[in-house]
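# Test case, fold it:
(chains A and B)
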Amino acid sequence: MTKYDLHEVLSSGITRRDFLAAGGVAALGVAAGPVWSRMLDAETTPRIKRYRTLGRTGFEVGDISMGCGSIAESNVVRYAYDHGINLFDTAESYGNGDSETKIGEAMKHMEREKIFIVTKLDIDGEFDQQNLIERFNKSLERLQSPYADALYAHGIADVELVENEPFLNACRQLKEEGKLKHIGISSHGPRGDEPDAMDTVLIKAAESGHYDVMLLSYGFLNAEEGERVLQVCKEKNIGTTIMKSATGMMEMPVYDPENPSEQIQEWFEYLEGQGNTREQAVERIKKYLERENANFTDSVARSQPFIEKHGIKTQDELDLKSFQWVLGNPDAHTICPSMPNYDALDRLLPLSGTQL
Amino acid sequence: MKKIGLVLVLAALAMAAMPVLAQPPEVHVPVPAGWTAVDQEYRYGREDLWEYINGAAELFLTYRFRDLVVADFEQGDGALTVSLYDMGSPLDAYGIYETEKPAEAEALSDVGSAAVLQPPYRGLLIKNRFYVKIEAGGGDIPAPTLRAALQDVAKGLPGESGLPAELEALPEEGRVPGTVAFSGSDFLGLEDLKACLHADYQDAGGNKYRLFVMKPSKAFLRNGSGKWTQSSRDEQLVFTREVPYRGVVVLMGDTQQLIGVSGFDEGEQATALLESLVR
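Numbers count the residues shown, from 1 in each chain, chains lettered A, B, ... in the order given. Now for the predicted structure:
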């Protein structure tokens, strides 16, 4: 469960009667309303306002890009493009290629030379050069594009993989064939028994000379680590794209067993229907909420100074100010938040050109 | 609307809208015949799934993903990695499988509830609430070997095979074959549309539209993103919103169930269709 789910979990419900009493019956029938094209009016909808040079790639990238980890609808990509977003960050593994397919479906609505497509390949198996090239060619088919602007080694947490020869040789061959413009790398930091921190991997990558652009985690919670990477990238003129900018958390809501929300009440009834006694159901819900709170204790504590400094009152406000905090650093060329729907785009686009 | 079928759908969608409350019983990866396990199994939950699959985790979290167990196997020089995702319900397993299934993949009719081979190195299957990926560690594997491994893993999983019954519950008239699907979130690119069962339709006049069913969350009934026009019609709640490039989306029903349609330029057309279905 994500932090957002929990907010919804603990929200109180309304009844049909409440809805109607609140004015839901004000209009009978359905308003015809304006057509969708009015929604794209440049004067009324926000657009990307600031562009930065993406390092040695020379591409002028919007300060907000589109993370495409989960796209249910290809028109969302088109909508982003129509509002000035020009970098789309995807990967072979996102939906097993479905994310690339959705971008490809939108391609006919975009001018190819005006956008920058990043895709990624997992390379931490025993893949050889030819296998990587075949997989990349499949990505191009899904993207409906003759080339990608950048191919990243995906999620690297072992510094030895910075020099992965099959990957680098595959990229060199693809560049010679005109199918690839730039080589990149991404890192979240160590996972499981993997040995190396994000800054160790990415600084090594920056100094290797192989990579033109990279994707790193950077936000106020890991400011020092991220800025070590950004400094080296600045020195080497490497493009920087940013993920996980909004990982801070407000204090969790308190669970009141004497006054459960309608949603909690529904769960009681569901669990009882599954054969649990009421006491068992209460216990399971309590344990669940306690576990969720425990999961986030560290993030909540580390977020407090930022929250207090900026007078933040809600999780949504914290998220937006976290993005603005990153947007204020010119060495972070663009942020790549996940934007799976129109509503996320509408929320984040107004931040372009701003800073905290 | 087929009432009995709709009850099934709504029960499933209600479950899909709930959080993952119960700890799932621990399930282990079935060992394919002739393969030997290497090292221990690795487990991941909702909070650390990204550690295993990076940004690909986002999509799984839009469904009811509960738990992932990963096991590595070897056979001579060959290596396999089996990733067993517990998606919480057969409908969620079906939803993620259909999203990740490549269009060109070879379907296997005799494996689990559904399965495909994705040459040169991957096979996918679903059975009950489980979604399984089998990948060749060396980047390549003979198709018969991969097929046999898929069969063995499917046989070793608990529960029955067969696709979720809810998939047949949408109206049959005009339904385009093969278009029934389940979206965990962001259906039509709208964040308020979660856990939607949907299908494409074409009427006798050639008009194309998409129908869907969802159980509204309380937040949605409070006007979710604030972008819906709320009204009522013949004691039915009506929600309308314009969607970029698609015209309008209209939903009709009550606080427990809504049926929606997209594909019309005008709200009145959509509303008239929904009225005929609700009645």
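# Now for residue 72, how many residues are close by?
Defaulting to chain A. 25 (other CB atoms under 10 Å in any protein chain shown). Where C-beta positions appear, they are placed from N, C-alpha and C, glycine not excepted.
# my bad, the chain I had in mind was chain B
Other residues lying near residue B:72 total 18 when counted by other CB under 10 Å.
# Same check on residue B:69?
The local packing of residue B:69 (other CB under 10 Å) involves 18 other residues.
# Contact partners for it?
B:27-29, B:41-43, B:83-84, B:86 (CB atoms under 8 Å, 6 or more residues apart in numbering or on different chains).
# What sits closest to the residue nearest to the spatial centre of chain B if chain neighbours are left out?
Central residue of chain B (CA atoms, centre = their mean): residue B:95, 1.2 Å from the mean position. Distances taken as CB to CB, 6 or more residues apart in numbering or on different chains put residue B:182 closest to residue B:95, at 3.8 Å, once the chain neighbours are dropped.
# Could you tell me how far the lengthiest strand in chain A lies from the centre of the chain?
What stands out as the longest strand in chain A, according to DSSP state E, is strand A:180-187. Put simply, strand A:180-187 sits 18 Å off its chain's centre (CA atoms, centre = their mean, to the nearest Å).
# Check stretch A:169-178 too.
Worked out by CA atoms, centre = their mean, stretch A:169-178 lies 28 Å from the chain centre.
# For the residue nearest to the centre of chain B, give me the pLDDT.
Residue B:95 carries a pLDDT score of 94 in this model.
# Now the host helix or strand of it: buried residues?
Secondary structure from DSSP states H and E places residue B:95 in helix B:90-100. Residues of helix B:90-100 classed as buried: B:90-97, B:99-100 (neighbour count, 16 or more other CB atoms under 10 Å in any protein chain shown).
# Repeat that for stretch B:164-184.
Those would be B:164, B:166-167, B:169-171, B:175, B:180-184, for stretch B:164-184 by 16+ other CB under 10 Å.
# just so I have it, where are all the strands in the stretch 201-350 of chain A?
A:213-217, A:239-243, A:334-335 (DSSP state E, counting those that start in this stretch).
# which of the ones you listed is buried the deepest?
Counting by mean count of other CB atoms under 10 Å in any protein chain shown, strand A:334-335 has the highest mean neighbour count of the strands of the stretch 201-350 of chain A, with a mean of 28.
# Check whether it comes into contact with chain B.
No: judged by CB under 8 Å from any CB of the partner chain, strand A:334-335 makes no contact with chain B; its nearest approach is 14.0 Å.
# And for that strand, what's in contact with it?
With contacts defined as CB under 8 Å, 6+ apart, strand A:334-335 is touched by A:52, A:54, A:61-65, A:87, A:240-243, A:245, A:323, A:326-327.
# if you set the cut-off to 7 Å instead, what comes out?
A:52, A:61-65, A:87, A:241-242, A:245, A:323, A:326-327 (CB atoms under 7 Å, 6 or more residues apart in numbering or on different chains).
# before we move on, the earlier item: so what's the residue nearest to the centre of chain B up against?
Neighbouring residues of residue B:95 by CB under 7 Å, 6+ apart: B:63, B:182-184.
# Could you single out the nearest of those residues to residue A:112?
Closest to residue A:112 out of the contacts of residue B:95 is residue B:183 (28.6 Å), distances taken as CB to CB.
# Give me the below-cutoff pLDDT ranges for chain B.
Chain B contains residues with pLDDT under 70 at B:1-25, B:138-139, B:224-225.
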